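Undergrad: need coordinates for the below:
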Amino acid sequence: MSPVRRRDLAVLALGLAVASWLLVRAWYGSLPELHWWLPAPLAVLAVAEALGARTLRIRLAAERAARAGRPPRPGEPAVRRVEPLLVARLVVLAQASAYVGAVFTGVWGGVLAHAGPAAGRLRAAGGDTVTAAIGIGCSLGLVVAALWLESVCRVPSDPSSSGGHRDHEPSP
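TA: Numbers count the residues shown, from 1 in each chain. You can find the predicted model right below:
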């Protein structure tokens, strides 16, 4: 499985920002009010993935240390094995979330590109600008958390292997 390319995420976000801006510009008057809490699910998912990445990183480090023969420190809990299938599923979740975050970054960027300049002359545009800014922040947070989770799931490079290249498959 190959890692998500940042360039692909950027192109997707930029393309959807332009498309979203064109659509919002055409139908802004008929759109419903954009409440500040609309991007909250993205923030919840970003926090969940960041916590998952942190936990998985700690568990994988402990498992690797146990395999290397390092004795556990006093008071340290027993090492719980990380199932390879769990790691593979987390990689898929991380990659899908990175693309979802890029999509919503583009959509909220297009809304902000239209509502931001209109905030001075349209009353609704002020609230929509705030919502779009929150949406961009939540979406970018999801992309960052997803890319972190994906990087935690990578198998570390083995210097003894031929060529010393990094393998991008899930860790066992």
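Undergrad: what is the top helix by length along the chain packed up against?
TA: Looking across the chain with DSSP state H, the single longest helix is helix 84-118. If you count contacts as 3 or more Cβ pairs under 8 Å, 6 or more residues apart in numbering; DSSP states H and E, helix 84-118 packs onto helix 6-27, helix 40-67, helix 123-152. For every residue, glycine as well, the C-beta is placed using N, CA and C.
Undergrad: buried deepest among the ones you listed, which one?
TA: Each of these was scored by mean neighbour count; the highest is helix 123-152, a mean of 21, by mean count of other Cβ atoms under 10 Å.
Undergrad: now do that helix: distance to the chain's middle.
TA: Put simply, helix 123-152 sits 10 Å off its chain's centre (Cα atoms, centre = their mean, to the nearest Å).
Undergrad: that one vs helix 6-27, what angle?
TA: If you take axes from the mean of the first three to the mean of the last three Cα atoms, to 10 degrees, helix 123-152 sits at 160 degrees to helix 6-27.
Undergrad: tilt between helix 123-152 and helix 40-67?
TA: Using the same axes, to 10 degrees: helix 123-152 against helix 40-67 is 10 degrees.
Undergrad: before we move on, back to that, among the helices and strands packed on helix 84-118, which is nearest residue 95?
TA: Nearest to residue 95, of all those, is helix 123-152, at 6.2 Å by Cβ to Cβ.
Undergrad: who does the closest one touch, helix- and strand-wise?
TA: helix 40-67, helix 84-118.
Undergrad: shaky segments in this structure?
TA: Applying pLDDT under 70 to the chain flags the ranges 72, 76, 157-172.
Undergrad: grab the most central residue of it for me.
TA: residue 143 (2.5 Å; Cα atoms, centre = their mean).
Undergrad: OK, contacts around the residue nearest to it when sequence neighbours are not counted?
TA: Spatially, and ignoring its direct neighbours in sequence, residue 143 is nearest to residue 101 (3.7 Å; Cβ to Cβ, 6 or more residues apart in numbering). Shown in contact with residue 101 (Cβ atoms under 8 Å, 6 or more residues apart in numbering): 9, 42, 46, 139-143, 146.
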